[in-house]
Every structure is written in structure tokens, then in C-alpha cells.
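# Turn this into a structure:
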Amino acid sequence: MTERYSRWHAHPLRVRYQETDQMAVVFHTNYLNWFEIGRTELIRSLGIEYKAIEREGLLLPVIDLDCAFEAPARYDDTVLVFTRVASCSKIRISFQNEVRRVEAPEWKSGTWEPGDELPGERLVYGGTRHAWVTKEMQPARLDKRMPALYDLLINLLKQDA
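Below is the predicted model of the structure:
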């Protein structure tokens, strides 16, 4: 599974008070939640709701993740959660993420092409790797269970290569 990055999808968020810790910065585990929001919204932007994938009996557990912190987000900051498909095979998929603090009018959802400079200050970057499994946690082949989604993801990587 070689990494061939697709375009970035951005999803806007505003830091809520409950996401901060005693140091008045976003508690580190919230970034992982934001990575998940980014994945879900990326899939939605492709015209497929994540719940439709689950209705087909497929789950996508995280099997590996990495996350590096460069600067803290704080209460009421506006951030864009950037997500893109890094690689996809019949049984695995990986995503790359960046969380960036932005000012209006940069605060909007949308897409950025590979190589485009992303707006704002990069706070956190990383990614997640996943395996397609059944509800019984058995490996599943995406090309067999949801061929339309598999083709969509593969074509996304081909378009942006």
C-alpha cells in the first residue's frame, strides 16, 4: 500500500470550553476526536455517509496513529481540521491530518489540492491507519463489500496523483 496523497478536505471547528484543560489549552485527546470528525466529513464530502458504511456491516477501527504537537489551540480559537486519504487498499486505508488555527475569512470548509499551501498556523499533524472489518471484527475486503466506495477512493488517489 503505497502512499499517494489525495486532496485535502477541510472542516471548520471552534474550540469549546469543555475541550480545554487546566492549562487553558485543548486537551491532547481532543485532537484525536477532531481527526475522526475530519475522516467522517471527508467521506461525507464524497457523497457517502459513514452510517451507510456501517449499514453494510463494515467498521473501520484505528490500527495505528501518530500525532505531533507544534502549538496549542485555546478556547474559542477557530481551527480547520484538514484530512486527506494517504493510501488505500482492499483491506486498509490511511488518512493524514493537520489541525490549523485560522482567522476569518479563512474559516471555511472546502478542498485544497496536493501541494497547495494550507491556510493558518499548523498546530498538530499526524494520521491514522485503519483496517476494514466486519461487525464480528473479521477482516473484510472493501472492493467486495462496497465496490462503489472502493472505486471512489482509488479514483480519488489516481486523480490527485
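
# and the most centrally placed residue in the chain, what does it touch?
Nearest to the mean C-alpha position of the chain, counting by CA atoms, centre = their mean, stands Arg39 at 3.2 Å. Contacts here follow CB atoms under 8 Å, 6 or more residues apart in numbering; on that basis Arg39 touches 83, 95, 128. C-beta coordinates here come from the backbone N, C-alpha and C atoms, glycine included.

# can you do 6 Å?
By CB atoms under 6 Å, 6 or more residues apart in numbering, the residues touching Arg39 are 83, 95.

# Quick check: it is in a helix.
Yes. Using DSSP: H, G, I helix; E, B strand; the rest coil, the assignment for Arg39 is a helix.

# From Leu123, how far off is Asp77?
9 Å (CB to CB, to the nearest Å).

# what sits in contact with each of those two?
Arg101.

# The closest residue to Val62 other than its chain neighbours: neighbour count?
Distance criterion CB to CB, 6 or more residues apart in numbering; nearest residue to Val62, sequence neighbours excluded, is Thr128 at 5.1 Å. When neighbours are defined as other CB atoms under 10 Å, Thr128 has 24 of them.

# need the helices for the protein, in chain order.
For the chain, helices defined by DSSP state H occupy the ranges 29-45, 50-55, 142-145, 147-159.

# rewinding a little: so the residue nearest to Val62 makes contact with Leu65?
Yes. Taking CB atoms under 6 Å as the definition, Thr128 is a contact partner of Leu65 at 4.6 Å.

# give me the number of residues near Ser45?
Neighbours of Ser45 under the rule other CB under 10 Å: 15.

# How about Ile48?
By other CB under 10 Å, neighbour count at Ile48 equals 15.

# In the lowest-mean-pLDDT helix or strand in the chain, which residues are buried?
One helix or strand of the chain scores below all others by mean pLDDT, DSSP states H and E: strand 110-112, with a mean of 87. Within strand 110-112, the residues scored as buried using 16 or more other CB atoms under 10 Å are Trp112.
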